[in-house]
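**Student:** here's my sequence, what's the structure:
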Amino acid sequence: MITIPHWWLPLLLFAVWSLWAFAAIAELRAKELREGVAKELRGGVSVVPVLPLFPLGFWGAAALVDVWAGPWGTVVIGALHLLFALAMVFTLVRDLRYCLGRERT
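**Tutor:** The predicted structure follows:
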């Protein structure tokens, strides 16, 4: 059986939610460019409540499931976050390509 270090899940969770912050910023920027929002009227994205709380909440949920069902909480939460990261990489690349293409023109 493969042994997984105990520190990998919180590291993965914080990395994925940090990636979410960049994806949210890129999505907002692309949306504002599509809508023609002037630079002085552009908004921002606040990640403060999400970034520390969501990773800790998912880590706690995984730990609770692990108490009753072995490593399945860690495995399921980790797998879902890997899928979430894959989706965010796709949208981040899409939005950044759009933004960079629009700024050149």
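**Student:** quick one: residues contacting the residue positioned nearest the centre of the chain.
**Tutor:** Centrality entry for the chain: nearest residue to the mean C-alpha point is residue 20, 2.6 Å, by CA atoms, centre = their mean. If a contact means CB atoms under 8 Å, 6 or more residues apart in numbering, then residue 20 has 47, 50, 84, 88 as its contacts. C-betas here are computed from N, CA, C, even on glycine.
**Student:** so who does the third one touch?
**Tutor:** Read that as residue 84. Residues near residue 84 by CB under 8 Å, 6+ apart: 16, 20.
**Student:** average model confidence for the strand or helix carrying it?
**Tutor:** Assigned by DSSP states H and E, residue 84 belongs to helix 72-104. What helix 72-104 shows for mean pLDDT is 92.
**Student:** next, the buried residues of that helix.
**Tutor:** 73-75, 77-78, 81, 84-85, 88, 92, 95, 98-99 (16 or more other CB atoms under 10 Å).
**Student:** repeat for stretch 35-55
**Tutor:** For stretch 35-55, the neighbour count (16+ other CB under 10 Å) marks 47, 54, 55 as buried.
**Student:** quick check: closest non-adjacent residue to the last one.
**Tutor:** Among residues not flanking residue 55 along the chain, residue 13 sits closest, at 3.8 Å (CB to CB, 6 or more residues apart in numbering).
**Student:** any idea which element that neighbour lies in?
**Tutor:** Here residue 13 sits within helix 8-35, counting by DSSP H and E.
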